Structures are given as structure tokens and as C-alpha cells.
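**Q** Provided below are the primary sequence and the corresponding predicted coordinates.
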Amino acid sequence: MVYVRKNVSKLTRTERRRFVEALLELKRSGEYDEFVRLHIEHFVGDGDRGLRAAHMTPSFLPWHRRFVLDMESALQRVDPSVTVPYWDWTRDRSTTSVPWTDDLLGGTGRPVDRQVMTGPFAYRTGNWTITESITNVEFLTRNLGRPRDPIDLPTRDDLNWALKDPVYDVAPWDSTVTKGFRNKMEGWGSGRVVWRNHNRVHRWVGGVMLGGASVNDPVFWLVHAFMDMQWQRWQRRHRKHRYLPAKPPGRGSAQYGRIVARHERLPPWDVTPDELEDMSAIYRYA
Amino acid sequence: MAVSADGVSVGAVQGAGAPVSGETGRWTRREAARLLFASVAVAFTPVLAASRPSQSADGQHETGTPFDETYRGRRIQGAPLPFEGLSALGVEWRVTVDGRPLHLMRRADGTWLSMIDHYSWYRTPLEATRAAVDELGPRRRLLDLAPGPFHGGHLHMEAEHGVRA
């Protein structure tokens, strides 16, 4: 049966509690940290060699779609009623609005060390010790809005600018492209505008969300559910357009063997971008 | 005088507010507390030269210049590896903060980013390393064996075969 992913601001008190409890249970069992490691292992820069499956690449959107689906399946094994909510940062824009409340994700970090002190994921609860990390710090960190040098969340106009581009992605299929829905959403900028949409949200949250171990902050899932929702909106707006590239770059291309074409396998899964384009039989957004 | 964590002079301090002390030997508790307070006070003060992704112009450091300096109390060292590395652009760097490796990645436009901050990029390995120190603050340190996309110098392509222990 098709299930519904809701706006996090619309969750009932019970739905909030069950979502949080399912996350804590996955953390307790160790399964959550496998997601953190998987994300770290798939961060390859487009100036480095090797296949880019997850970032700076056309498959940024299907990779994260599948990643969120896997997390959602894990949560549903704990509690079948849970789905991953999305955070619409074009509406809930303050550092105290949802999802930064005590009954959801807790608030920003304290100034001295950016440690999150409130909510169910605060270190002192004993339930959220960070073990898969780049640094020795075991507590969740955030720096919402970067107060010393304030940055705004992306706006509805930023989203619409991406959504109105009818082309999914363009050569050379990396972080330098200035056209195509994919990088306009992923948000690798250049010149004056450094961060757009997705990247800007990671920057706005700060703390662990800035680094390779960003999955340690559960807001990761709410961010990527909203990203995924935008991909679906884009698909509906441009029904004749699909994931690109349709075919792999040739042997003579600098991108040969470095990106995932529509019918190629998307590591680490045995699935193709083509097979991840239509989610209507699995979930819908409300 | 600038000293690194182990008390060895390593040259000029870059940037403002680096929590350094010219005194070596044992600290009294009060001195230690004062130093701690000082380092906390500067903990996340933006050092704009490093914190402005790719727009800052250091001017003195080209990408290929090795560095070894104390920056905000951290010893940062970096040098290009003497063989062709994993970078498609031809040069792989070894960078450390207080002796612990910091993994740098490259963008296709030749700029650099680090595992500490995946979403900003810098013109040189030095700028990317300073920005990582800014983000670390005074208390966090890198792990000796942090997980990453590279293991033992080989690109990790086997993630699908299970998670490392």
C-alpha cells in the first residue's frame, strides 16, 4: 500500500514521538551507524578519480532517494506506522521552528562547542553518542544560521529557479555545471553564490551536517525527503523529461566510468536510476 | 613566539587569536584555566581569510607550495605526494592537523574541500586546511583512522560488500 510522507510541521504529537523513538531504536541497535558509514564512503569529489554515485553527479537525486527509502524501511521494521517526514525550509525558517523543537530534533548547539543540549538527540540523554565521525567529538553539533556570519536558508524562489529548468542534468555532469535541475538542487555554486538549495541547507544547519558524517544529524533525512519531493515536483512539471544521461559517456570522455547513466547500476545497490524514477507505488507526499 | 602543541616552534602564526603560549613546562591550574578560557573565547571566531570559500585570495600560497605552520594553535602541514595520486587532476596531497590526517578532496575546477566541511571549497590545500581548523574549534581533533572514501590509499569501491568493522 502506498504510504504518505508528511510535512514535519503537520505531524501529531504521537507521530513525532514514534518517529523519534524509531530513530533511537536504530541507533541503539547499531543499524543507524551503518547509514552514516555508507554516506561517508560514497563521498567522492569530481576532481578525484573514481565513480561518483552520490554527490557532484547526476545520480545525486536517485542515490539519496534510495538511501532515504532504506532508512524508512529500517524505521518501519521498528514501527510500521513511521514514515520519513520532510522539512520545508521555505516555510519553517527560524532556528526555533520545527524541526528544532524539544519533541523532535532539539535545537541549535551551545556557543562554546556547538553541542546540542536539548531534545532527544542531546548527548546527555545517553541515546545519541556519535561514533562514526571524522573527529573525536561524540556529541551532536549544530550551528543553526551561523550567527557570527549569518546565512539564510534557501527560499521558494531558489527552489522555483531549479524547478523551472526542464533539463535534468548536462555535461560534464559534475559540480561545475550551471544548467540542469540536478545541480541547481544539489547546489554547487561558483563565484558569488557559493551554496544553493541542498548545499546551502547543510551549511545553514552547520556542525556535523557540514562534513562527511552529516547523517549523524537526523535532520539529514528530513532534508533529503524534501529534496526528493522536489524531484517529484520537477518530474510532474516536465513530464517529457527524464534522468540524464540516458547512455554512459564514451571511452574518450573524461567522465567515462565516473558517473551512472540511466540504465546502469547505482552502487551500492542493485538498482538503476531508471528504476528509481517512479515511486508512486511506494509513497506519496502530502 | 608561536609553539605547536608539543612545544616546538614551527614558525609564524597565521590568523588572529590563535591560542598559543610562549611558556613551556607545567601550567598551574589557573594558567590552564585561563588558556582554556582564551581558547574558548576565540573558539569559533571567524577567521575570514580562511572562512570565505574560494573567494579569499591569500596571494602567497600557490596550490603546489607545501606548508608547515601553526594556525590557531594547531600545527598544520601539507605537501603534494611525490607520485601521481588518486586525483583526476594529477596531484594528491597529504595534509595533517596536529599530526593527524585530514582528507582533502578536489573539485573538477581544481578547488579543494575537506572531510570536515564538504560544502565549501578553497583555492589551495592550505586554505582548505585552515578552514577545517576554523570548523574544528579548540576542542575537537581529527581521528587517526577516520572513516573515509579512501582506505589505505586505494579508492574504496567495495562499500556494497558490507560496512567496515
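**A** All right, it came through fine.

**Q** nearest the middle, which residue of chain A would you pick?
**A** In chain A, the residue lying closest to the centroid (Cα atoms, centre = their mean) is A:H224, at 3.0 Å.

**Q** and after the lowest-mean-pLDDT helix or strand in chain A, which helix or strand comes next?
**A** Taking mean pLDDT, DSSP states H and E as the measure, the helix or strand of chain A with the lowest value is strand A:193-195, at a mean of 85. On the C-terminal side of strand A:193-195, the closest following helix or strand by DSSP states H and E is helix A:197-205.

**Q** by contact count, what packs against that next one?
**A** The criterion is 3 or more Cβ pairs under 8 Å, 6 or more residues apart in numbering or on different chains; DSSP states H and E, and the helices and strands that helix A:197-205 contacts are helix A:156-163, helix A:181-186, helix A:219-237. All C-beta atoms are positioned from the backbone trio N, CA, C, and that covers glycine.

**Q** will you turn the ones you listed into TSV that also has mean pLDDT?
**A** As requested, these are arranged in TSV below (pLDDT from 0 to 100):
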stretch	mean pLDDT
helix A:156-163	97
helix A:181-186	98
helix A:219-237	98
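
**Q** minimum distance to chain B: which of the ones you listed has it?
**A** Of all the helices and strands packed on helix A:197-205, helix A:181-186 sits nearest to chain B, with 10.1 Å by Cβ to the nearest Cβ.

**Q** need the winner for burial among the helices and strands packed on helix A:197-205.
**A** Per-residue neighbour counts averaged over each of the helices and strands packed on helix A:197-205 give the maximum for helix A:181-186, namely a mean of 25 (mean count of other Cβ atoms under 10 Å in any protein chain shown).

**Q** is chain B contacted by that one?
**A** No. Remark: helix A:181-186 sits outside contact range of chain B, by Cβ under 8 Å from any Cβ of the partner chain, the gap being at least 10.1 Å.

**Q** I'd like the average pLDDT over the helix or strand following that helix.
**A** Scanning forward in sequence from helix A:181-186, with DSSP H and E defining helices and strands, the next element found is strand A:188-190. For strand A:188-190, the mean pLDDT works out to 87.

**Q** in space, what's closest to whichever residue of chain A sits closest to chain B - neighbours in sequence excluded?
**A** Nearest residue of chain A to chain B, counting by Cβ to the nearest Cβ: A:G47, 2.8 Å away. Distances taken as Cβ to Cβ, 6 or more residues apart in numbering or on different chains put B:R106 closest to A:G47, at 2.8 Å, once the chain neighbours are dropped.

**Q** count the residues that sit near the one you found.
**A** B:R106 has 27 neighbouring residues, counting by other Cβ atoms under 10 Å in any protein chain shown.

**Q** what do you get for A:P154?
**A** If you count neighbours by other Cβ under 10 Å, A:P154 ends up with 22.

**Q** what pLDDT is listed against B:A32?
**A** 47.

**Q** show me which residues of stretch A:235-252 are buried.
**A** Buried residues in stretch A:235-252, counting neighbours by 16 or more other Cβ atoms under 10 Å in any protein chain shown, are found at A:235, A:238, A:243-245, A:248-249.

**Q** secondary structure and distance to chain B for those residues - can I get that in CSV?
**A** Formatted as CSV, the entries for the buried residues of stretch A:235-252 read as follows, by DSSP: H, G, I helix; E, B strand; the rest coil; distance: Cβ to the nearest Cβ, whole Å:
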residue, secondary structure, distance to chain B
A:Q235, helix, 26
A:H238, coil, 26
A:Y243, coil, 21
A:L244, coil, 18
A:P245, coil, 16
A:P248, coil, 17
A:P249, coil, 14
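
**Q** switch the residues you listed over to a markdown table; also include distance to B:I116.
**A** Listed next are the buried residues of stretch A:235-252 as a markdown table, based on distance: Cβ to Cβ, whole Å:
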| residue | distance to B:I116 |
| --- | --- |
| A:Q235 | 35 |
| A:H238 | 37 |
| A:Y243 | 32 |
| A:L244 | 32 |
| A:P245 | 32 |
| A:P248 | 33 |
| A:P249 | 32 |
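
**Q** residues touching A:D152, list them.
**A** Each residue near A:D152 by Cβ atoms under 8 Å, 6 or more residues apart in numbering or on different chains is listed here: A:93, A:145, A:204.

**Q** in JSON lines: those, plus pLDDT and neighbour count.
**A** Formatted as JSON lines, the contacts of A:D152 follow (pLDDT from 0 to 100; neighbours: other Cβ atoms under 10 Å in any protein chain shown):
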{"residue": "A:R93", "pLDDT": "98", "neighbour count": "14"}
{"residue": "A:G145", "pLDDT": "97", "neighbour count": "19"}
{"residue": "A:W204", "pLDDT": "97", "neighbour count": "23"}
